[in-house]
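Enquirer: sequence unknown, structure follows:
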């Protein structure tokens, strides 16, 4: 399974960006897909995830109310709409997919930079 993330960029504080992540490869049945991020000098952290069949979403407290994760099952794509961006949201954002307990598949990462 390959994951291709896109949509990062440079935006001013208060602005918005939409990330996309398309999954391809062998036939798969994800349990969920998610977004993580890693800022310079920090560990990778969970941002949001969505259950593939049920569509239930989960968010880190730091992004709740500002970010929205969604999916398009037919296109095997997950999105992350990021609004009211803050400088502390600056990071490399990674999408990931799991079919069981472990996040086995990761995208290449896309840079999001929020200027103050």
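Expert: Sure, I can see it. Because the structure is a prediction, the values reported are computed rather than measured.
Enquirer: List the contacts of residue 77.
Expert: 20, 21, 22, 23, 71 (CB atoms under 8 Å, 6 or more residues apart in numbering). (Each C-beta comes from the backbone N, C-alpha and C, glycine too.)
Enquirer: if we go to 6 Å?
Expert: residue 22 (CB atoms under 6 Å, 6 or more residues apart in numbering).
Enquirer: Now it, what are its backbone angles?
Expert: Backbone torsions of residue 77, given as degrees, to the nearest 10, read phi -130, psi 140.
Enquirer: give me the beta-bridge partners of it?
Expert: Note on residue 77: beta-bridge partners by DSSP bridges are residue 22, residue 72.
Enquirer: Residue 59 contacts residue 48, doesn't it?
Expert: Yes: under the criterion of CB atoms under 6 Å, residue 59 makes contact with residue 48 at 4.9 Å.
Enquirer: So for these two, which residue has more residues nearby?
Expert: Taking residue 59 and residue 48 together and counting by other CB atoms under 10 Å, residue 48 has the greater number of neighbours (23 against 18).
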